[in-house]
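*Asks:* structure here, sequence nowhere to be found:
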Ligand SMILES: Cc1ncc(C[n+]2csc(CCOP(=O)(O)OP(=O)(O)O)c2C)c(N)n1
Ligand SMILES: [Mg+2]
């Protein structure tokens with residue numbers, strides 16, 4: 001029977017689950033929490049700023065035709081990857097989506113190898129054969145870089161299963177977007193991770209949009225963290241305003257995964273300042289919305305916190321100059337590197353030299 005408009009089929013008002021995707025009021029910059037090591041905050045700032053500058057240069061390289069295919073920038077979301085990976089150990093695994101450049105740099109892949117990969121050069125971390133969406137580095141625990149929305153979540157559960165089976169003490173941190181939580185593979189992965197108690201942390205980077213579609217058009221319940229309840233899993237949910245807060249809250253989940261092999265679903269609300277990819281005309285957001293979000297930029301907040309914790313403008317300018325040198329060196333290195341040749345065809349197709 002067809003439902004009458006506004007009839008009871010819509011149900012009585014649901015419990016207050018939905019929340020608005022943005023929080024446009026800039027909170028005052030707070031001093032970093034007591035006991036924060038300013039040198040540590042400086043490192044986190046360094047990683048965030050490196051990611052931002054690498055990606056700005058990649059956007060330029062894309063416009064110059066140096067990068068083929070798609071390019072999805074992480075600009076605006078850096079505090080999520082940097083804060084979360086700061087809570088991982090060096091042997092732990094990170095698995096992520098196509099928006100992977102920031103995760104790769106945070107996991108320790110040098111800017112040179114990331115830019116060279118994007119430029120399709122043999123010196124890139126995937127030998128120039130993967131490109132922007134397929135950054136990979138097994139020794140550093142960076143297990144991709146995947147283009148299929150949600151498809152990598154079961155792969156992350158597989159690595160967590162392997163760690164538990166081998167007893168190697170590693171934790172897998174799996175990043176995905178808000179679009180992935182409507183995909184079947186996400187739910188199968190959550191279900192098995194909870195059932196088998198696997199050391200996996202599921203981290204949803206909720207940037208409010210799946211391509212040009214806002215959250216309220218894809219989800220009946222906008223609080224993504226609530227999906228953990230159906231699987232009996234621990235959960236957390238917060239805004240990525242402060243990189244130190246991201247680190248501390250993700251650390252709690254990583255510790256739980258390592259100590260008691262219990263998975264957690266964390267929803268971190270964030271915002272991308274650029275389009276979905278370089279070909280996105282971005283007509284679905286107003287300039288006012290983007291400007292309001294830029295006022296909340298966690299990268300600026302970390303810089304201001306460093307000032308409040310005693311770092312002089314001179315110290316910070318010196319650090320920015322070092323980052324600038326590193327990024328421009330990476331671009332030069334990528335420009336000057338050769339392209340992969342046919343000699344890579346056999347060893348990268350069949351198990352052999354590169355199968356580590
Ligand atoms: C299974 C699948 N369906 C559709 C696409 C096309 N697609 C690429 S990105 C994207 C949006 C995903 O949004 P979200 O998960 O929120 O991640 P974000 O891009 O916001 O980081 C879609 C639909 C795809 N890559 N894979
Ligand atoms: Mg999204």
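*Replies:* Received the coordinates, thanks. Here the structure is a predicted model, which means the values were calculated and not measured. Ligands and ions are numbered 1, 2, ... in the order given.
*Asks:* partners of the residue of the stretch 151-300 of the chain found nearest ligand 1 in the sheet?
*Replies:* Residue of the stretch 151-300 of the chain nearest ligand 1, by CB to the nearest ligand atom: residue 177 (2.2 Å). No exception for glycine: its C-beta is placed from N, CA and C like everyone else's. On the basis of DSSP bridges, residue 177 is bridged to residue 205.
*Asks:* OK, contacts around residue 262?
*Replies:* Residues near residue 262 by CB atoms under 8 Å, 6 or more residues apart in numbering: 197, 233, 234, 256.
*Asks:* in CSV, list those along with neighbour count and distance to ligand 1.
*Replies:* Listed next are those as CSV, based on neighbours: other CB atoms under 10 Å; distance: CB to the nearest ligand atom, whole Å:
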residue, neighbour count, distance to ligand 1
197, 15, 26
233, 20, 20
234, 18, 22
256, 17, 25
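*Asks:* out of those residues, who's nearest residue 336?
*Replies:* Ranked by distance to residue 336 (CB to CB), the contacts of residue 262 are led by residue 256 at 45.8 Å.
*Asks:* wait, doesn't residue 310 sit right on residue 38?
*Replies:* Yes: using CB atoms under 8 Å, residue 310 is in contact with residue 38, at 6.5 Å.
*Asks:* on that earlier part again, check contacts around the residue of the stretch 151-300 of the chain closest to ligand 1.
*Replies:* 97, 99, 149, 204, 205, 206, 207, 210.
*Asks:* returning to what we had before: quick check on residue 310 and residue 38: which one has the bigger neighbour count.
*Replies:* A direct count of neighbours by other CB atoms under 10 Å for residue 310 and residue 38 places residue 38 higher, at 15 against 8.
*Asks:* spatially, what comes nearest to the more buried one if we skip its sequence neighbours?
*Replies:* Excluding the flanking residues, the one nearest residue 38 by CB to CB, 6 or more residues apart in numbering is residue 309, at 4.5 Å.
*Asks:* pairing partners for the helix or strand residue 265 falls within, with directions?
*Replies:* Per DSSP states H and E: residue 265 is located in strand 264-269. With DSSP bridges as the test, strand 264-269 is paired with strand 200-206 (parallel), strand 234-239 (parallel).
*Asks:* TSV for those strands, including mean pLDDT?
*Replies:* Shown next, in TSV, are those (pLDDT from 0 to 100):
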stretch	mean pLDDT
strand 200-206	98
strand 234-239	96
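*Asks:* nearest to residue 251, of those strands?
*Replies:* Closest to residue 251 of these, according to CB to CB: strand 200-206, at 10.0 Å.
*Asks:* can the closest one be found next to ligand 2?
*Replies:* No: Strand 200-206 stays clear of ligand 2 (CB under 5 Å from the ion), getting no nearer than 6.6 Å.
*Asks:* so what are the sheet partners of the helix or strand just after that strand and their directions?
*Replies:* The helix or strand immediately downstream of strand 200-206 is strand 209-210, counting by DSSP H and E. Sheet pairing of strand 209-210 (DSSP bridges) gives strand 213-214 (antiparallel).
*Asks:* so where's this structure uncertain?
*Replies:* Within the chain, the segments meeting pLDDT under 70 span 1-28, 352-356.
*Asks:* surely residue 303 and residue 316 touch.
*Replies:* Yes: Residue 303 lies in contact with residue 316 (CB under 8 Å); the separation is 6.4 Å.
*Asks:* between those two, who's got more neighbours?
*Replies:* Neighbour count, other CB under 10 Å: between residue 303 and residue 316, residue 303 has more, with 20 against 16.
*Asks:* sec struct for the residue most central in space within the chain, please.
*Replies:* In the chain, the residue lying closest to the centroid (CA atoms, centre = their mean) is residue 81, at 4.5 Å. At residue 81, secondary structure determined by DSSP: H, G, I helix; E, B strand; the rest coil is helix.
*Asks:* from ligand 2, how far out is it?
*Replies:* Per CB to the ion, to the nearest Å, residue 81 is found 14 Å from ligand 2.
*Asks:* show me the contacts for that residue.
*Replies:* Going by CB under 8 Å, 6+ apart, residue 81 touches 51, 74, 102, 103, 106, 175.
*Asks:* what does residue 69 give?
*Replies:* 131, 132, 133.
*Asks:* near ligand 1 at all, the strand holding residue 265?
*Replies:* No: counting by CB under 6 Å from any ligand atom, ligand 1 is not contacted by strand 264-269; separation bottoms out at 11.7 Å.
*Asks:* ok, residues contacting that strand?
*Replies:* 21, 23, 80, 84, 190, 201-208, 223-225, 227-228, 231, 233-240, 246, 249-250, 253, 256-257.
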